[in-house]
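# predicted model and sequence below, questions to follow.
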Amino acid sequence: MNLPEGCKIELLDSNDCRRILDWVTGNERFEGGLKDGIKADAYAWLLAHCYDGVTWGRFDEERKSWLLSSAVFSDLCPPVSGDNLLEIRLFGSKDEIMIWRNGAELSGRRLIDDYDENDDSPVRPHTETRILLGDRLVEEPREGFSRVGTAAGAEQAVPLECKENNFRGGRWPLRLKMRHYFQQDTVSGVVRVTATRLVDVFKEV
């Protein structure tokens, strides 16, 4: 396995993946850790791609459980389940769990930051911010989620509380921060991206 620089990767087996999904959907609680030192509070956000749509989530520190957009805007966001899931990412500032469909089974990995921010090497991780869909508020926030959309009719329910003035002047204020990890070929010296994880979702003010 060609490992990227600046992070550690741990593989998750199908049992780990099912247990994490049970945690996400509220079928199991984790008072301490998830597995081998994985802490529940390391993850603030969730993004799931399902066969029939996209579901966002956020971790509620007070309840110690996940709140999903499918429970708030059920007409727009599909419920997350092992049968419906294509890919899901639980992420925070230093850590991400990714689970994906692999035929009839689920596979997964955990990626943890492991680098010095002052490192100036060519293979140091690079952080990028991308614009998320949404230039208007479609429906007022509910339980920390806002339904946003575009003039073309595309919509999503993001795990942020948005206001009309956030979109004033046709602005697209929603942002997704991600981090790329690189590997350098020892013969050619070519540097390429070998892993990417999500870091944060936020509004640009």
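That came through, no problem.
# read off the pLDDT value for residue 36.
pLDDT recorded at residue 36 is 65.
# same question for residue 172.
97.
# now do the same contact list for it.
Residues in contact with residue 172 (CB atoms under 8 Å, 6 or more residues apart in numbering) are 131, 132, 133, 134, 135. (C-beta placed from N, C-alpha, C; glycine too.)
# at 10 Å instead, please
131, 132, 133, 134, 135, 136, 148, 150, 166, 204 (CB atoms under 10 Å, 6 or more residues apart in numbering).
# next helix or strand past the longest helix seen in the chain?
Ranked by residue count under DSSP state H, the longest helix found in the chain is helix 14-24. Sequence order places strand 45-50 as the next helix or strand after helix 14-24, per DSSP states H and E.
# thought residue 144 was touching residue 63?
No: contact criterion CB atoms under 10 Å: residue 144 and residue 63 do not qualify, at 11.7 Å.
# quick one on the thing from earlier: which of the contacts of residue 172 sits closest to residue 16?
The shortest approach to residue 16 among the contacts of residue 172 belongs to residue 132, at 29.0 Å (CB to CB).
# so that closest one makes contact with residue 157?
No: if you go by CB under 10 Å, residue 132 and residue 157 don't touch, sitting 11.7 Å apart.
# give me the common contacts of these two.
Residues within reach of residue 132 and of residue 157 at once, by CB under 10 Å, 6+ apart, are 56, 148.
# more neighbours: those two, which one.
For residue 132 versus residue 157, the count of surrounding residues by other CB atoms under 10 Å is larger for residue 157: 27 against 18.
# the more buried one: what's it in contact with?
Contacts for residue 157 (CB under 10 Å, 6+ apart) come out as 53-56, 68-70, 72-77, 138-139, 141-142, 145-149.
# my read is it is in a strand, agree?
Yes: according to DSSP: H, G, I helix; E, B strand; the rest coil, residue 157 belongs to a strand.
# let me know the pLDDT of it.
In this prediction, residue 157 carries a pLDDT score of 98.
# sheet partners, orientation included, of the longest strand seen in the chain?
Scanning the chain for the longest strand, with DSSP state E as the assignment, gives strand 191-203. Strand pairing for strand 191-203, determined by DSSP bridges: strand 174-184 (antiparallel).
# so what's the residue lying closest to residue 196 once chain neighbours are set aside bridging to?
Nearest residue to residue 196, sequence neighbours excluded (CB to CB, 6 or more residues apart in numbering): residue 180, at 5.1 Å. Residues in a beta bridge with residue 180, per DSSP bridges, are residue 126, residue 196.
# do you know how far residue 180 is from residue 195?
Residue 180 is 8 Å from residue 195, where distance means CB to CB, to the nearest Å.
# of these two, which one has the most company?
Taking other CB under 10 Å, residue 180 and residue 195 do not tie; residue 195 has more neighbours (21 against 16).
# mind listing what that one touches?
Residue 195 sits in contact with 2-7, 9, 96, 98, 109, 111, 125, 179-183, where contact means CB under 10 Å, 6+ apart.
# which among these end up buried?
Listed as buried from the contacts of residue 195 are 4-7, 9, 96, 98, 109, 111, 125, 179-183; burial here means 16 or more other CB atoms under 10 Å.
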